[in-house]
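Trainee: Okay, here's the prediction I keep looking at, along with the sequence it came from:
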Amino acid sequence: MRRLLALCLACLATPLPAQTPVEVDVELVLAVDVSRSMQPAELELQRRGYATALTSDAVLGAVGRGLLGRVAITYVEWAGSRSQRVIVPWTLLETAEDAEWIAAQILTQSGGAMRRTSISGALELGAQSIDANEFQGLRRVIDISGDGPNNAGRAVDAARDRVLAQGITINGLPLMTRDALLARWGIPDLDAYYAACVIGGPGAFLIPVTRWEDFGDAVRRKLVMEIVGAPARLLPAQMPAHPDYNCRIGEEIWQRNMDIFMEP
C-alpha cells in the first residue's frame, strides 16, 4: 500500500510536457488607436473597417495562400501607456467562420476614447503578447494605427528598437485625416514620423489614410500584404526616413500645450 501511494505521489510530481505551440504563417497584432483625439463616430468607423476587411474575400484568400493556410490574430485598442484593452484575444484565423467570430467581437465593443497617446506602450504590449501566446509564426508582426505622435510612456524609437531586436516587424497606418491634422496634438507629417520613428523590420511598410472614406480599403490592403508576406512596394508617403527627424516631437507638443494651460 505504501509503495502504491509513493508511486501515485511520484506521478503527481512529474511535470506535464509543455503544450506544443500551434504553427501559423504569421502572428499579427492589430493595435488600434482610441485616444481622445478620435471622435466616437471615428472609433466606430475603425471597428467596422477592420471587421469588414477581416471577413472580405481578399483577406480570406490571402490566408488560404499561406504556406500553412492559417494565421493568429489579436485586436487591441490603445491610448496612454497604461490604457490598453484587448478586444480579441489571440485567435486562430483559418476559415470564414473564424473571421466572422473575430469581426463580431470587434463590433460588440462600444468602449469610448482614452487619454494620451503612447505608441511605445502599444508596441511593448504587442511584443509581450506575441512572446506569451500559444502560437509559433513564421513571421511576427505588430500593425499599429494612430492619428498622432507618441506623447506618453517610453520614447517611441527606443521602444521600436527593442521590439525589432526580438525579430518582430512593425507596420504603420498613420491616420492623416483633416480632423487629425487640425487637432492640437497632431502633426502634419505623421507619415514621415511613422517612417522615421515607428515602423521597422523586414518588409516593413506604412499606408497613410488621408480620408476616412478610404479607411476600409487601406485596412484591407494592409492585411493582405501582412498575411501573404509579400515585399511591400514603395508607397507614395513611404519616403526614406530623415536621419534628423525629431522622434520626441509628440512629447514636446504635449509639454507646450500643458504650459499654455497652466499659464495664469
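Mentor: Arrived safely, thanks for sending. Numbering: from 1, shown residues only.
Trainee: Show me the shaky parts of the stretch 51-200 of the chain.
Mentor: The stretch 51-200 of the chain contains residues with pLDDT under 70 at 110-114, 179-185.
Trainee: can you rerun that using 90?
Mentor: Across the stretch 51-200 of the chain, residues meeting the criterion (pLDDT under 90) sit at 79-84, 108-117, 151-153, 177-186.
Trainee: Pretty sure residue 122 sits against residue 80.
Mentor: No - Residue 122 is not in contact with residue 80 according to Cβ atoms under 8 Å; the separation is 9.8 Å. Where you see a C-beta, it was placed from the backbone N, CA and C, and this is true even at glycine.
Trainee: And the two? Which one has more around it.
Mentor: residue 122 (31 against 18; other Cβ atoms under 10 Å).
Trainee: Is the residue nearest to the spatial centre of the chain within a helix or a strand, and which one?
Mentor: Against the mean C-alpha coordinate of the chain, by Cα atoms, centre = their mean, the closest residue is residue 31 at 2.6 Å. Using DSSP states H and E, residue 31 falls within strand 22-33.
Trainee: ok, and for that strand, which residues are buried?
Mentor: 24, 25, 26, 27, 28, 29, 30, 31, 32, 33 (16 or more other Cβ atoms under 10 Å).
Trainee: what's the answer for stretch 139-149, then?
Mentor: For stretch 139-149, by 16+ other Cβ under 10 Å, it's 139, 140, 141, 142, 143, 144, 145, 146, 147, 148, 149.
Trainee: Also stretch 213-230?
Mentor: Buried residues in stretch 213-230 (16+ other Cβ under 10 Å): 215-216, 218-227, 229.
Trainee: ok, residue 150 to residue 214 distance?
Mentor: Going from residue 150 to residue 214 by Cβ to Cβ, to the nearest Å gives 24 Å.
Trainee: And for residue 44?
Mentor: Applying Cβ to Cβ to residue 44 and residue 214 gives a distance of 16 Å.
Trainee: for residue 191, same thing?
Mentor: 14 Å.
Trainee: mind listing the strands for the stretch 101-250 of the chain?
Mentor: In the stretch 101-250 of the chain, the segments counted as strands under DSSP state E, counting those that start in this stretch are 135-146, 169-174.
Trainee: Using a markdown table, lay out those together with distance to residue 72.
Mentor: Listed next are these as a markdown table, based on distance: least, Cβ to Cβ, whole Å:
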| stretch | distance to residue 72 |
| --- | --- |
| strand 135-146 | 4 |
| strand 169-174 | 15 |
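Trainee: related to what we said a few turns ago, which residues are in contact with the residue nearest to the centre of the chain?
Mentor: Counting by Cβ atoms under 8 Å, 6 or more residues apart in numbering, residue 31 makes contact with 76, 78, 122, 123, 125, 126, 142, 143, 144, 145.
Trainee: and what of residue 226?
Mentor: By Cβ under 8 Å, 6+ apart, the neighbours of residue 226 are 26, 28, 141, 143, 171.
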